[in-house]
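Undergrad: Quick one, what's the 3D model for this:
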Amino acid sequence: PYEDFKAKITELGETPLPKYIKRDVEPEDEERYQTIFAKVEGAVAAPTAGLHFSRQLLKRLELKGINFAEVTLHVGLGTFRSVEVEDLTKHKMDSEQVIVSEAAADMVNNAKRTKHRVCAIGTTAMRSIETSVSTEGHLKPFDGWTNKFIFPPYDFSIANCMITNFHMPESTLLMMVSAFGGYDLINKAYKEAIKEKYRFYSYGDAMLII
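TA: Numbers count the residues shown, from 1 in each chain. The predicted structure is shown next:
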């Protein structure tokens, strides 16, 4: 049964830290390598842009009148696979499970209607919301699987800003970010990040693209 299986995995396994973190897993990692708003288990890695948020920061954003529409995407191992084809249309994305509730869709659509900004926290959230869009450009509730690969040129329908970490070359994540921010602007941002020695990867720094 599922509960027994889960108990056995918990007993045998450990927090799946990114492989470039060259140390043993510590008990604190269980909490540290997890967003504070994580509720549903199922991902093999944390959606890293969300790691920048603390409960205090969420409270401050709430006091400023910012609403939070939560979506679920169970990050799969395909996220870490680099693109090895010249023709991007031939790259096959692994499918990942997405759940966008009606309440989240209503909140986002209301923000769009009232001309408020919609900010996707990370590439994971961006893929989730771009997976289920109506012909009028509204977010639709969704419960299913996505293998959507976003690369330039791409017309985004929902979010008009995003927060994202600094990604690896040849990754699908960097291609999505380039599609959103524009290749030249993102290239300039990455050059600045390298010059100023920003931290890349999961436990690294982030940028806000407006």
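Undergrad: Output the helix or strand of the chain with the lowest mean pLDDT as CSV - backbone C-alpha positions only.
TA: Sorted by mean pLDDT, DSSP states H and E, the helices and strands of the chain end with helix 29-32, the least confident at a mean of 78. The C-alpha trace of helix 29-32 is given here as CSV (Å, rounded to 0.1, in the frame of the first residue of the first chain):
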residue,chain,number,x,y,z
ASP,A,29,18.2,20.0,4.6
GLU,A,30,14.8,18.4,4.9
GLU,A,31,13.4,21.8,5.8
ARG,A,32,16.0,24.0,3.9
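Undergrad: From here on, call the first residue 222.
TA: Got it, the first residue is 222 from now on, which makes the last one we talked about helix 250-253.
Undergrad: and for it, what are the contacting residues?
TA: Applying C-beta atoms under 8 Å, 6 or more residues apart in numbering, the contact partners of helix 250-253 are T236, L238. C-beta here means a position set from N, CA and C on the backbone, and glycine is covered the same way.
Undergrad: State the pLDDT value of G271.
TA: If you check G271, the pLDDT there is 89.
Undergrad: Can you give me the neighbour number for L309?
TA: 12 (other C-beta atoms under 10 Å).
Undergrad: Which residues are in contact with it?
TA: By C-beta under 8 Å, 6+ apart, the neighbours of L309 are F370, F372, M396.
Undergrad: Identify the residues contacting the second one.
TA: Right, F372. Counted by C-beta under 8 Å, 6+ apart, F372 has contacts L309, T393, M396, M397, S399, A400.
Undergrad: confidence score at it?
TA: Looking at F372, the pLDDT reads 87.
Undergrad: so where's the protein shaky on pLDDT?
TA: Residue ranges of the chain with pLDDT under 70: 299-303.
Undergrad: Find the nearest non-adjacent residue to the spatially most central residue of the chain, please.
TA: Closest residue to the average C-alpha location of the chain: T345 at 2.4 Å, with C-alpha atoms, centre = their mean. Counting by C-beta to C-beta, 6 or more residues apart in numbering, T345 lies nearest to P268, which is 3.9 Å off, once chain neighbours are set aside.
Undergrad: What strand or helix carries L429?
TA: In this assignment (DSSP states H and E), L429 forms part of strand 427-430.
Undergrad: quick one: the strands in the protein?
TA: Using DSSP state E, the strands of the chain run over 293-294, 317-321, 340-342, 363-367, 382-386, 427-430.
Undergrad: which stretch among these comes nearest P237?
TA: Among the strands of the chain, the nearest to P237 by C-beta to C-beta is strand 317-321 (15.4 Å).
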